[in-house]
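**Q** Predicted model, plus sequence, below.
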Amino acid sequence: MAKIIDGKAIAAEIREEVKAEAMQWREQGIIPKLAVILVGDDPASVVYANSKQKAAEKVGIDFELFHLAGSTPEAEVISLIQKLNDDASVHGIMVELPLPDHISKEKVMEAVHPLKDVDGVHPVNRGYILSGQEGLFPATPQSCVEILLRSGVELKGKHAVIVGRGETVGKPLVFLLLKHHPTITICHSRTADLAYHTRQADILIAAVGKANMIKADMVKPGAVVIDAGINEVEGGITGDVDFEAVKEVAGAITPVPGGVGSLTTALLFRNVLLGLKLQQKK
C-alpha cells in the first residue's frame, strides 16, 4: 500500500516559513499586503475570498477585499486594478474567478502589474517560466513540485508523466519540473493509448479535471502519484485519480482533499512576499 503524502503537514511548514518572512518585513517597517477583487456574488468565490482573509491574518499579511457588484463595468474593474498597481502599500493583487460574462478575463488579468500578479497568469510571468527566470508562478503547479521535493522524491533522471495540458496547471508545471531534470511526457485528450504512457511513469501527475480518471491498471507499481484534480461530486470533492484503487499499486500518493490543494493558499502568500521582494529591487 502506498505512502499517503500529507499535503496539510507540508502546507503548515510553508505557512510557518511565510509567517517568519512576513515578520521580518514588518520589522523593517514594511507591512506585506494582498488586495483581492471579487466581482459579483458567486458563492464559491465569496467563500474562497473570506477564507483567504482569515489565512492571511494568521501569517502576518494584511488583506483588503474589494467586493464589486456583478454589474460593474469592465473599465471600472480595470481602473481599480490600475489604482492598486500604483499603490506602494499593496504588494499582491488577486482577482477571484469566475468574472461576470460581460468582463474579459484576459483583459483583467493582463491589467495586473506582473510584479503584483500573485496568480502568476500575466503573459510576462508566463514568459519567465519558459525562460527559467525568477517570477510569480501559479500556485497549483508550484504545489505539485513542493510536494515532491518536500517528500524527498528524487526527480533527476526520473520519468514524469503529466496528464493534462491546461493553462493554469499542466503547461506551467512542465517548466517548473524541468528545473529538476526529469524526463517529461505530456498527455492530453488526444493522446492515443493514454494508459501505455501513464504506466511508464516513475512520477505520474494528474491535472485533467475528470473525476477518478486514472485507474489502478494505468499506474506502474511503486510510482509516485500526484493528484492535482479537484472535481465536485455528490457529497464532496474528489480528484482525477481513483484513490482507493491506485493507493494499492503506487509507492506514494496524494489524497483529495488533503493533498495538492492544501498548499495553494500558503503558496499564494509566498508569492505576495516574492512580489514584495522583487518590487524592492526595482
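**A** Sure, I can see it.
**Q** Could you use CA atoms for every contact and neighbour count after this?
**A** OK.
**Q** Select the longest helix from this structure.
**A** Scanning the chain for the longest helix, with DSSP state H as the assignment, gives helix 7-27.
**Q** what's the span of stretch 213-230 from first residue to last?
**A** End-to-end distance for stretch 213-230, by C-alpha to C-alpha, to the nearest Å: 12 Å.
**Q** what does it rub up against?
**A** Here stretch 213-230 makes contact (C-alpha atoms under 8 Å, 6 or more residues apart in numbering) with 2, 140, 144, 195-196, 198-211, 237-242, 245-256, 259-261.
**Q** about what we covered before: give me the buried stretch members for the longest helix of the chain, please.
**A** Within helix 7-27, the residues scored as buried using 16 or more other C-alpha atoms under 10 Å are Gly7, Lys8, Ile10, Ala11, Ile14, Arg15, Val18, Lys19, Glu21, Ala22, Met23, Trp25.
**Q** what are the pairing partners of the helix or strand just after it, and which direction each?
**A** Next helix or strand after helix 7-27 toward the C-terminus (DSSP states H and E): strand 33-39. Neighbouring strands of strand 33-39 in its sheet, by DSSP bridges, are strand 62-68 (parallel), strand 92-95 (parallel).
**Q** And the average pLDDT for strand 33-39 is what?
**A** Averaged across strand 33-39, the pLDDT comes to 97.
**Q** how big is the angle separating that strand from helix 7-27?
**A** With axes from the mean of the first three to the mean of the last three C-alpha atoms, to 10 degrees applied, the angle from strand 33-39 to helix 7-27 works out at 120 degrees.
**Q** Convert strand 33-39 to CSV, retaining C-alpha atoms only.
**A** Below are the C-alpha coordinates for strand 33-39, written out as CSV (Å, rounded to 0.1, in the frame of the first residue of the first chain):
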residue,chain,number,x,y,z
LYS,A,33,-0.4,43.4,1.8
LEU,A,34,-2.7,41.4,-0.6
ALA,A,35,-5.6,43.0,-2.3
VAL,A,36,-8.4,40.7,-3.6
ILE,A,37,-11.0,41.8,-6.1
LEU,A,38,-14.3,40.0,-6.2
VAL,A,39,-16.9,40.9,-8.8
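**Q** Tell me which helix or strand comes right after that strand.
**A** Next helix or strand after strand 33-39 toward the C-terminus (DSSP H and E): helix 43-59.
**Q** just checking, what packs against that next one?
**A** On a contact count with 3 or more C-alpha pairs under 8 Å, 6 or more residues apart in numbering; DSSP states H and E, helix 43-59 meets helix 7-27, strand 33-39, strand 62-68, helix 264-281.
**Q** Let's have these in a markdown table, adding distance to Leu176.
**A** Compiled in a markdown table, those are given as follows (distance: least, C-alpha to C-alpha, whole Å):
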| stretch | distance to Leu176 |
| --- | --- |
| helix 7-27 | 18 |
| strand 33-39 | 24 |
| strand 62-68 | 28 |
| helix 264-281 | 14 |
